[in-house]
Every structure is written in structure tokens, then in C-alpha cells.
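[1] pasting a predicted model and its sequence here:
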Amino acid sequence: MSDKTTKIPAPPPQVVPEPEVNDCWNQIGVWRNQEERCPELARVIHCRNCSVYAAAGRSLLRRPLESTQRAEMTKLLAQEKISEPIHTKAAFVFRAGGEWLALPAAIIREVVDMGPIHSIPHVSNNILRGLVNIHGKLEICVSIGGVLGIDRLERPMHPSNYMAPERLVVSEQESKVIAFPVSEVLGVIRYTPEMVRELPVTVAGSKAAYTRGILCLPDRDVGFLKDEPLFTTLTKDLL
């Protein structure tokens, strides 16, 4: 008895004939010379607005698939869909002086209008600004720019040179509340870990000590601050 098996040849792929299409747009349409154009163009302006052109497009989209195309689409649609979760976090972006900075949005409680900062008698340094009134309660006001060594920008005197109004940002960490003035607020943005790159080696001093990396946004690069050591420095001997 022979062990050979007879292989049944696979059926040839089904060839679906192309539907007959009246491609009058290639004969007397807008792509032909002026003398040969369809008289309907005087009414519809362009072949794309013609019912004949639209009907031809629908017939091409509704034509049956060939067997090879049907098998390929069936295989593709039968595959298990694997969705990878997108791990995003939130950052609060603001400008201090001439530099854009960011902090984790979780520690930001609110943003309020800039009000008077009341100095504390016999206390003077580049970090502690004084006290501010936040909804009837006095809170400590500090300077992030003072810690990072960022110079303050002089605001233009002429009203035509518009600059965003200053704001007070109220933050809270481990039940400690502080406020700090900012030159401009961009707001809360969502980001992924891939958007944060390492800090350049050219950055040194306080900026390097308190910055975890550069948050790359579509229109600007933002220094992403280390909130815990920065908050510790801002509240040292104050709270």
C-alpha cells in the first residue's frame, strides 16, 4: 500500500471583474480641454458635484472583494486586539521670570490673583517674601526664583507691551501650605514619561539640584522641578 498522499491543488483566486464605470469625467470633464467639456459643468461647476461622478464612486466602493482580499481581511480582523495602556501624568506649568517650569499637578491647590505681599518684620532673605491673604487666611509666600537663582523680569511700563498678569500659586504638601508668585500660568498638561528627557550637563548649581529633567512640550521645553527637595528648602525653618 502506497504512503503517498495526493495533494489537492488550491483553487485559483477568485477574480472579481471590475464594475463598468462611466468615467465621463476623463472624457468630457474638468480635466479635458475647454472645447470638449460636458455642458452639465455650467450647472455643477465641477465633476465632484455631479451625480454621475458620485454614483461611480459608490459602485467602486460596493464592489465585492476578491477571495485573496477577503481571506486577508478575515485574518486581520480575527486577530486579538492588544491595547497597551497609556501611562500619563499631570504637571502644572508656569513661568518664573524668564524660565518655564513645571511641578506635579497633585501638589497644586489653586491659582489666585496676585495680591499684596506683607513683609515679616526682622526677616529678610531671597526665599521668604512674606505673608499673603488667601481667602481670609494668611499663608507664607516664598520665591521659587530665589531658590533657583532666576532673575526677575522688569515689567514694561508701556501698556502696548502686554505681559500676562502675575498670579499666586497655592501649593500643599504633607499638610504644609505655601504660596509663590509666578509671572505666567500655562496650566495643567498631561505628559508621558517619554516626554521627560535628562537634564543637560551644562545645567549646574541650584537649577541642577532641584530639576529632575526637561519636559518637552510641542511649543517649548520646560524645566521639571523636583517637588520634594524644593518644598523642603522653601519651608525650612518657616513652618
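    Now that the structure is in, tell me what you want to look at. Numbering: from 1, shown residues only.

[2] and the strands in the protein, which stretches?
    In the chain, the strands defined using DSSP state E lie at 89-96, 99-104, 108-113, 128-134, 137-142, 167-173, 176-182, 184-191, 196-197, 211-216, 221-225.

[3] between those strands, which one is closest to residue 75.
    Residue 75 lies closest, by Cβ to Cβ, to one member of these: strand 184-191, at 35.8 Å. Any C-beta I mention is one placed from the backbone N, CA and C, and that applies to glycine too.

[4] show residues contacting the closest one.
    88-95, 100, 105, 108, 111, 163-164, 166-167, 169, 215, 217 (Cβ atoms under 8 Å, 6 or more residues apart in numbering).

[5] for stretch 44-55, same thing?
    The contact list for stretch 44-55, computed with Cβ under 8 Å, 6+ apart, reads 22, 24-25, 29-31, 38, 40-41.

[6] try it again at 6 Å.
    The contact list for stretch 44-55 (Cβ atoms under 6 Å, 6 or more residues apart in numbering) reads 25, 29-30.

[7] among those, which ones are buried?
    If you count burial by 16 or more other Cβ atoms under 10 Å, the buried members of the contacts of stretch 44-55 come out as 25, 29.

[8] quick check, nearest of the contacts of stretch 44-55 to residue 173?
    Nearest to residue 173 out of those is residue 30 (Cβ to Cβ; 66.5 Å).

[9] list the contacts of the closest one.
    Counting by Cβ under 6 Å, 6+ apart, residue 30 touches 46-47.

[10] and it, how far is that from residue 166?
    58 Å (Cβ to Cβ, to the nearest Å).

[11] what residue ranges in this structure score low on pLDDT?
    Low-confidence segments of the chain (pLDDT under 70): 1-19, 33-34, 84-85, 154-164, 237-239.

[12] the same query, at a cut-off of 80, please.
    1-22, 31-36, 65, 81-87, 123-125, 151-165, 202-206, 237-239 (pLDDT under 80).

[13] out of the strands of the chain, which comes closest to residue 68?
    Of all the strands of the chain, it is strand 184-191 that lies closest to residue 68, at 43.0 Å by Cβ to Cβ.

[14] for that closest one, buried residues please.
    Under 16+ other Cβ under 10 Å, the buried positions of strand 184-191 are 185-186, 189, 191.

[15] kindly indicate which of those residues lies nearest residue 72.
    Relative to residue 72, the closest of those is residue 191; by Cβ to Cβ it sits at 38.2 Å.

[16] beta-bridge partners for the closest one, please?
    Using DSSP bridges, the bridge partners assigned to residue 191 are residue 89.

[17] for it, give its distance to residue 221.
    Per Cβ to Cβ, residue 191 is found 12 Å from residue 221.
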